[in-house]
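In: Based on what follows, work out the 3D shape:
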Amino acid sequence: MRWLAALALLASPAAAEDHLEVVCDDVSHLGASYTLCEIPAGSDMQLFLRDDQGAVLGSFSAVEENESRPLLFAMNAGMYHADRAPVGHYVEDSIEEMRVITSDGPGNFGLLPNGVFCIGDGLHVFETNDYVTQTPTCEYATQSGPMLVIDGALHPRFIPNGTSKFIRNGVGTFEDGSLSVFAISNEPVNFHNFATLFRDVINADNALYFDGKVSRLYSPSNNRSDFGWQLGPIVGVLAPQ
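Out: All right, here's what the predicted structure looks like:
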């Protein structure tokens, strides 16, 4: 698999600097189509929520206008309230907007265990309690849920023939933190099949669900810019200065 080969290529920071291109490809898994995008740790990956005046950006085009640099890749990155404020933990430019939520609750976010995607010393998905225990330094962090893969195992609540199907997206990471793989389904799928994509095809050590139904991808190299709902947190890779 190319993303596994990329792990070897990105064994050092210098190697990461040489591989800044965002690669997105379609794959088939259990009869459904998915788009996978590889992002190495050397890329200028950030989370985006608000503009300089504090207003929620809400779209890929608004991020580009606010940053004055093209996006190489972007995707919605965590659940949000009606006002588009993040449901769970959110850190941007090392500033915490929302605390960590460790309790269970309604909806997918509260289907424990959930987790945190951290952009800091590498790229990592942490189960939430591990995140609290380890206190990693994250320049950017977004909490969502449920976890899809936890140390190589599927979330224990997923069932193979689940009937709840949506367009879904999420991110998987590897133990060494050198690479992240973002995935979005191109047709409605259930949680179990989406999670097995990360476990069996991507071979991610840990993977986190971002959302369903509102899931969107921006990939100019693939001539793709999904439209739809106004978004809350967005993860994106900016072109170099």
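In: can you name the farthest residue from the center of the chain?
Out: residue 53 (25.5 Å; CA atoms, centre = their mean).
In: looking only at pLDDT, what's the mean for the helix or strand in which residue 97 is found?
Out: Assigned by DSSP states H and E, residue 97 falls within strand 95-98. On average, the pLDDT along strand 95-98 is 98.
In: quick one: buried residues of that strand?
Out: For strand 95-98, a neighbour-count test (16 or more other CB atoms under 10 Å) marks residue 98 as buried. Using the backbone N, CA and C atoms, a C-beta is placed for each residue, glycine as well.
In: mind saving the C-alpha coords of it as CSV?
Out: Below are the C-alpha coordinates for strand 95-98, written out as CSV (Å, rounded to 0.1, in the frame of the first residue of the first chain):
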residue,chain,number,x,y,z
ILE,A,95,-5.0,28.4,22.3
GLU,A,96,-7.7,26.2,23.8
GLU,A,97,-11.2,27.2,22.9
MET,A,98,-13.0,24.2,24.3
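In: so how far is it from its chain's centroid?
Out: Taking CA atoms, centre = their mean, to the nearest Å, one finds strand 95-98 lying 18 Å from the centre of the chain it belongs to.
In: Give the pairing partners of whichever helix or strand comes after that strand; include direction for each.
Out: Per DSSP H and E, the first helix or strand lying C-terminal to strand 95-98 is strand 115-120. If you go by DSSP bridges, strand 115-120 pairs up with strand 122-127 (antiparallel), strand 138-144 (antiparallel).
In: Starting from the longest one, tell me the next helix or strand along the chain.
Out: The reference is to strand 138-144. Per DSSP H and E, the first helix or strand lying C-terminal to strand 138-144 is strand 147-150.
In: coming back round to it: quick check, pLDDT for the residue farthest from the centre of the chain.
Out: For residue 53, the predicted pLDDT is 95.
In: Where does it fall, secondary structure wise?
Out: Using DSSP H and E, residue 53 falls outside every helix and strand.
In: residues contacting it?
Out: Contact partners of residue 53, counting by CB atoms under 8 Å, 6 or more residues apart in numbering, are absent.
In: OK, contacts around the residue most central in space within the chain?
Out: Taking CA atoms, centre = their mean, the centroid of the chain lies closest to residue 171, which sits 3.8 Å from it. Neighbouring residues of residue 171 by CB under 8 Å, 6+ apart: 77, 117, 125, 180-183, 207-208, 210, 235.
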